[in-house]
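Engineer: sequence first, then the predicted structure, then my questions.
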Amino acid sequence: MTAALDRVRAVADAVLYEGYLLYPYRASAAKNQVRFQWGVLTPPAYAAGGTGEHEWSQAELIAEPAPDGVLRVLLRFLQLQKRVVEVAGRPVPSATVDGVEYTTWEEAVEREVDTVVPFSALRTEIRVPFQVGGGEDVEQVRDDTRLVRRRAGLSGELRIRAVDLPDPFGGLKLRLRVENTSGWAEPEATRPDALAHSLIAAHALLSTSDGHFLSSADPPEWAARVTEECVNERLWPVLVGDTVLCTPIILNDHPEIAEESPGTLYDGLEIDEILTLRTMTLTDEEKRQARATDARAAELLDRVDGLSPDLLDRLHGTIRYLRSVTGTPEPEVEPTTVTVGGVAVGEGSRVRLRPVKRADAHDMFLAGRVAVVRAVLFDVDDVCHLAVTLEDDLGSDLYAQHGRYRYFGADEVEPL
């Protein structure tokens, strides 16, 4: 099970650090004053105050374990750590020592709670309480300058339960609930106050040594109904190989880090090229501030500044570039129509949208809507995609002028 979990850590780390530090990566940037938007579980007292925050999250999914199988749950989250620059015993916004600038900032420390339990014991809810201690660390930079890192203690609980599915199907409906049980409460507390006592970017990895889990997005037909009845609140179960990643960010099954990506950028799961190019345009002063903000920001800047032209080119990934690598010739003329249900569909055709199971949530919301085809396109695998705008969208012509379309497969539309 350890090997299975290790294979998905790269994807899990992308979830863990999504939004940790936002472009332009300096503490003074306005959007870096409001961080940690995903998977934040605050203390119950703060969540109950009408803040829009929550103290718990839950995932439900279907498992088919072996009779003597065991479940491993690895909860992962960040604990906030306040780094304060002190000069002569007094906190200051920043200080420069030997040409190196240090900035008061909020870092984060990775935490994990690892538990293994037999599936046979889960017919009764298993509760796994945990605590993460607070503390203070001091790094002396110079005789009169030091960095003081302080963390508040956290407490939480994992609640795990399994219910047998009715015969003849077998299997279990598995529920994982993650709760922040910290007793911290403070009148008129702000969100930054609460974050110091929160589980940040909380997510979990589930694995079993003998058995498997079913997809929640595309289950087999026999499990479709019971899967629809699963309640997922602020966690979504995603298959990654034989492991399940319960993530606060909705992902498709079997996500992976693109091999072209040279490293994390924290500010988006799939926009390496634009963030890399934008980072290259930072002034020397902005880069100096970013390096003083966080060690991860400094590493990011070093990586971007040293990116070779070949590696930068790999981030672009145009269709023309991919075909030159594979040797696939460019078609002389792209088809202008595609046949759907015996009807030729092309530019100007009216269609009704019928998203299939592989579609993401945004597409599913459009099921049944009427759209107008603006273009028929083919990707590098010669799979057809229809670029459409919604017929009843008042902004559709404006979107079309700027090349902003919604994309559906030929099997996801019904000609009208």
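Structural biologist: Perfect, I can see it now.

Engineer: domain map for the chain?
Structural biologist: 2-258, 337-415 (automatic domain parsing).

Engineer: between the two ends of the last one, how far is it?
Structural biologist: If I follow you right, that is domain 337-415. 12 Å (C-alpha to C-alpha, to the nearest Å).

Engineer: the stretch 101-250 of the chain: strands as residue ranges?
Structural biologist: Here the stretch 101-250 of the chain has its strands, by DSSP state E, counting those that start in this stretch, at 105-118, 126-132, 135-142, 145-151, 154-164, 172-180, 200-208, 211-213, 236-240, 243-247.

Engineer: could you say what helices and strands the third one packs with?
Structural biologist: Which is strand 135-142. The helices and strands touching strand 135-142, judged by 3 or more C-beta pairs under 8 Å, 6 or more residues apart in numbering; DSSP states H and E, are strand 94-97, strand 145-151. (Glycine included, C-beta is placed from N, CA and C.)

Engineer: could you single out the most deeply buried of the ones you listed?
Structural biologist: A comparison of the helices and strands packed on strand 135-142 by mean neighbour count, using mean count of other C-beta atoms under 10 Å, puts strand 145-151 on top with a mean of 17.

Engineer: so where's the stretch 301-416 of the chain shaky on pLDDT?
Structural biologist: Judged against pLDDT under 70, the low-scoring parts of the stretch 301-416 of the chain cover residues 317-335, 357-359.

Engineer: roughly how far is stretch 341-348 from the heart of the chain?
Structural biologist: 37 Å (C-alpha atoms, centre = their mean, to the nearest Å).

Engineer: just the CA trace of that stretch, in PDB.
Structural biologist: Presented in PDB, the C-alpha positions along stretch 341-348 are these (Å, rounded to 0.1, in the frame of the first residue of the first chain):
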ATOM      1  CA  GLY A 341     -26.900  10.600 -36.400                       C
ATOM      2  CA  GLY A 342     -26.900  10.700 -40.200                       C
ATOM      3  CA  VAL A 343     -27.000  14.500 -40.200                       C
ATOM      4  CA  ALA A 344     -24.100  16.700 -41.400                       C
ATOM      5  CA  VAL A 345     -23.200  19.100 -38.600                       C
ATOM      6  CA  GLY A 346     -21.100  22.100 -39.300                       C
ATOM      7  CA  GLU A 347     -20.700  25.900 -38.800                       C
ATOM      8  CA  GLY A 348     -24.200  27.400 -38.100                       C
END
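
Engineer: by mean pLDDT, point me to the weakest helix or strand of the protein.
Structural biologist: Ranked by mean pLDDT, DSSP states H and E, the weakest helix or strand in the chain is helix 319-326, scoring a mean of 44.

Engineer: follow-up on the earlier one: worst mean pLDDT among the domains of the chain?
Structural biologist: Comparing mean pLDDT across those, the weakest is domain 337-415, with a mean of 89.

Engineer: circling back to that earlier point, can I get the domains of the chain in TSV with distance to residue 266?
Structural biologist: Shown next, in TSV, are those (distance: least, C-beta to C-beta, whole Å):
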stretch	distance to residue 266
domain 2-258	5
domain 337-415	22
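
Engineer: now, of those domains, which is deepest in the fold?
Structural biologist: The most buried stretch of these, if neighbours are counted by mean count of other C-beta under 10 Å, is domain 2-258, with a mean of 17.

Engineer: what residues does the helix or strand in which residue 11 is found touch?
Structural biologist: Element membership of residue 11, judged by DSSP states H and E, is helix 2-16. Residues outside helix 2-16 that contact it (C-beta atoms under 8 Å, 6 or more residues apart in numbering): 38-39, 72, 74, 76-78, 110, 201, 203, 205, 207, 240-243, 245, 247-249, 251, 255-257, 264, 269.

Engineer: go again with 6 Å.
Structural biologist: Identification of contacts with helix 2-16 by C-beta atoms under 6 Å, 6 or more residues apart in numbering yields 201, 203, 205, 207, 240-243, 245, 247, 249, 255, 257, 269.

Engineer: which two of these have the greatest separation?
Structural biologist: With C-beta to C-beta as the measure, no two of these lie farther apart than 201 and 242, at 23.4 Å.

Engineer: thinking again about what came up before, just the angle for the helix holding residue 11 relative to strand 243-247, thanks.
Structural biologist: Orientation check (axes from the mean of the first three to the mean of the last three C-alpha atoms, to 10 degrees): helix 2-16 against strand 243-247 gives 20 degrees.

Engineer: so what angle separates the directions of helix 2-16 and strand 105-118?
Structural biologist: With the same axes, to 10 degrees as the basis, helix 2-16 and strand 105-118 are set at 150 degrees to each other.

Engineer: now do helix 2-16: distance to the chain's middle.
Structural biologist: In terms of C-alpha atoms, centre = their mean, the centre of helix 2-16 is set 12 Å apart from its chain centre.

Engineer: stretch 59-72 too?
Structural biologist: Computed by C-alpha atoms, centre = their mean, the chain-centroid distance of stretch 59-72 equals 24 Å.

Engineer: any idea how far apart the tips of that stretch sit?
Structural biologist: 15 Å.

Engineer: coming back round to it: right, and the helix or strand after the least confident helix or strand of the chain?
Structural biologist: strand 337-340.

Engineer: that next one: what's the following helix or strand?
Structural biologist: Of the helices and strands lying after strand 337-340 in sequence (DSSP H and E), the nearest is strand 343-346.
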